[in-house]
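*Asks:* sequence first, predicted model second:
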Amino acid sequence: MNRDELAEFLRNRRARVTPRDVALPDAGQRRTPGLRRQEVAQLAGMSIDYYIRLEQARGPHPSHQVINALARALMLDQDERAHLFRLAGQPLDAPRIRSDVPQGTLHLLGYLEEVAAYVLNPRYDLLAWNPLAGALLGGLDARPRDDLNVIRWVFRSPDIAEHLDDEERGRFARTSVADLRVAAGRYPDDAGLQALVAEMLALSPDFARVWAEHEVAPRREQRKRVTHPLVGLIEVICQVMQVPDRDDLRLVLYTAEPGSPSHQALRELRELTLSS
């Protein structure tokens, strides 16, 4: 049980729920946003003293029933709920992360000639990719296997602070960290994932700042801009799909609007890749 992080997460999520969200009267001006502690305790069916001790990181080890009640009171979604259970020392069934990619998925990567595609595990390790993805993301085939982690790339970038200050450009970095939080909840015993988080907390103040926000959300479709040295700016739609029968692997596709300059740029990059 991580009492300090549990307390921080409870305070963070309490501040995001309004009385109107949970059908409580909003009586009087509030010094801070969100629910009051006594309101959370009331909604969860526990004593205010017990809840205060949890928020002050001095409470007892909460039971499965208590965590369920808090998840309902704070209106947590499935991934946030799993994260809350992990912090409380009550992890749900913990699967493991594997590194093998099914043969059928490898065949699919080869068939996707005009789409940049790669396979990602929950640690954000790149496990396999097609030639267009290798060229678009910067010579993946030439990188050593221990330098194929997207989280490290993003937060070791010299302009990461500038990106995070820009809502649109920083969205990829923030959603990646929120997705990594999901993975931490689903795979609490994965040593590689724990080591990655510990490394980034120690080496990147920007990662630590985003991690401390306790966002918990799986990565979804979003638009992204990639500036390539050979073909210039490419605006892509980043789609994330689950690999069939493998909860620990995702297929990431970079596509562009048909007929757009970005679509033409991707085609040009593919031709350059084939001719090299």
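*Replies:* Structure's in. What do you need?
*Asks:* partner strands of the lengthiest strand in the chain, with direction?
*Replies:* Looking across the chain with DSSP state E, the single longest strand is strand 232-242. The pairing partners recorded for strand 232-242 under DSSP bridges are strand 222-228 (antiparallel), strand 250-255 (antiparallel).
*Asks:* got the CA positions of the first one in PDB?
*Replies:* When you say that, I think you mean strand 222-228. C-alpha atoms of strand 222-228 as PDB (Å, rounded to 0.1, in the frame of the first residue of the first chain):
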ATOM      1  CA  GLN A 222      -5.500  11.800 -31.900                       C
ATOM      2  CA  ARG A 223      -3.900  14.000 -34.500                       C
ATOM      3  CA  LYS A 224      -0.100  14.500 -34.500                       C
ATOM      4  CA  ARG A 225       2.400  16.600 -36.400                       C
ATOM      5  CA  VAL A 226       5.700  15.000 -37.500                       C
ATOM      6  CA  THR A 227       8.400  17.100 -39.100                       C
ATOM      7  CA  HIS A 228      10.600  14.800 -41.300                       C
END
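*Asks:* what does that strand rub up against?
*Replies:* By CB atoms under 8 Å, 6 or more residues apart in numbering, the residues outside strand 222-228 that reach it are 135-136, 169, 171-172, 175, 233-238, 254, 265, 269. No exception for glycine: its C-beta is placed from N, CA and C like everyone else's.
*Asks:* same thing but 10 Å
*Replies:* 116, 135-138, 168-169, 171-172, 175, 232-240, 254, 262, 265-266, 268-269, 272 (CB atoms under 10 Å, 6 or more residues apart in numbering).
*Asks:* quick one: contacts for residue 232?
*Replies:* Taking CB under 10 Å, 6+ apart, we find residue 232 in contact with 226, 261-262, 265, 268-269.
*Asks:* next, format the residues you listed as a markdown table and append neighbour count and distance to residue 247.
*Replies:* Shown next, in a markdown table, are those (neighbours: other CB atoms under 10 Å; distance: CB to CB, whole Å):
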| residue | neighbour count | distance to residue 247 |
| --- | --- | --- |
| 226 | 19 | 28 |
| 261 | 14 | 37 |
| 262 | 21 | 32 |
| 265 | 21 | 34 |
| 268 | 15 | 37 |
| 269 | 20 | 32 |
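*Asks:* spatially nearest residue to the spatially most central residue of the chain (excluding sequence neighbours)?
*Replies:* The residue lying closest to the centre of the chain (CA atoms, centre = their mean) is residue 179, at 1.2 Å. Ranked by CB to CB, 6 or more residues apart in numbering and with sequence neighbours excluded, the top spatial neighbour of residue 179 is residue 219, at 4.1 Å.
*Asks:* circling back: the helix or strand containing the residue nearest to the centre of the chain packs against which elements?
*Replies:* Per DSSP states H and E, residue 179 falls inside helix 167-186. Applying 3 or more CB pairs under 10 Å, 6 or more residues apart in numbering; DSSP states H and E, one finds that helix 167-186 makes contact with helix 78-87, helix 150-156, helix 160-165, helix 191-203, helix 205-211, strand 222-228, strand 232-242.
*Asks:* any idea which of those is most buried?
*Replies:* helix 78-87 (a mean of 21; mean count of other CB atoms under 10 Å).
*Asks:* picking up where we left off before, okay, and which of the contacts of residue 232 map to helices?
*Replies:* 261-262, 265, 268-269 (DSSP state H).
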